[in-house]
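[1] Could you work out the structure for the sequence below:
(one chain, ligands or ions: 1)
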Amino acid sequence: MEYDVCALDDIADGGKKVAKLAGTRVLLLRAGDEVFAVRNTCPHMKVPLSVGKFDGTHIQCRLHGSRYDVRSGQRDKKAWMASGMGEATLQTYPLTLRDGRVFVEL
Ligand code: FES
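    Here you go, the predicted structure:
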C-alpha cells in the first residue's frame with residue numbers, strides 16, 4: 001500500500017523525518033533531491049536509527065556504529081567484519097517523489 005507521507009520540503013536537505021505508517025516507524029532521509037525510506041530500527045539491537053548520523057548515502061547507528069547503505073539496506077562490510085556482529089540488512093521501502101510530495105510503499 002502506498003502512503004502520502006509529507007511534502008518534500010518538510011524534510012531538510014541532509015535531514016531526517018520519522019513517520020509511523022501502519023504501525024511501522026519509517027525513517028525518511030533526504031540528500032538533495034533524493035529521499036530514502038528505511039525502517040527506523042537497527043537490525044542489531046533494535047535501537048532507533050533516527051538518532052544516528054546520515055552522510056547522504058549511509059546511516060550510522062549511534063549505539064555500536066554499524067553503517068547501513070540507505071539505498072540497499074546493506075551493512076557496511078568492513079564495519080561488520082571488524083565488529084564481529086555479522087551481516088545484517090536494514091529494511092528499505094520503495095519511495096516515489098510526485099508533485100512535491102513523498103510517497104512510501106509498505
Ligand atoms: S544497536 Fe545498532 S549497531 Fe548495535
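
[2] how about the residues of the protein near the ligand?
    Residues of the chain lying close to the ligand by C-beta under 6 Å from any ligand atom are 42, 44-45, 47, 61, 63-64, 66. Yep, even glycine has a C-beta here, placed from its N, CA and C like the rest.

[3] And the strands in the chain, which stretches?
    Taking DSSP state E to define them, one finds strands in the chain at 2-7, 16-21, 24-31, 34-39, 53-54, 58-60, 67-69, 92-93, 95-98, 101-105.

[4] Now those in CSV, please, with extra columns for mean pLDDT.
    Converted to CSV, the strands of the chain look like this (pLDDT from 0 to 100):
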stretch, mean pLDDT
strand 2-7, 98
strand 16-21, 98
strand 24-31, 98
strand 34-39, 98
strand 53-54, 98
strand 58-60, 96
strand 67-69, 95
strand 92-93, 98
strand 95-98, 98
strand 101-105, 98
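
[5] Need the per-residue pLDDT for Gly84.
    Listed pLDDT for Gly84 reads 72.

[6] Closest to the centroid, which residue in the protein?
    Nearest to the mean C-alpha position of the chain, counting by C-alpha atoms, centre = their mean, stands Val38 at 3.4 Å.

[7] pretty sure it contacts Leu95?
    No. Checked against C-beta atoms under 8 Å, the pair Val38 and Leu95 is beyond contact range at 9.7 Å.

[8] Contact partners for the nearest residue to Ala31 once chain neighbours are set aside?
    Leaving aside its sequence neighbours, Ala31 sits nearest to Gly56 (C-beta to C-beta, 6 or more residues apart in numbering; 4.1 Å). Taking C-beta atoms under 8 Å, 6 or more residues apart in numbering, we find Gly56 in contact with 14, 31-32.
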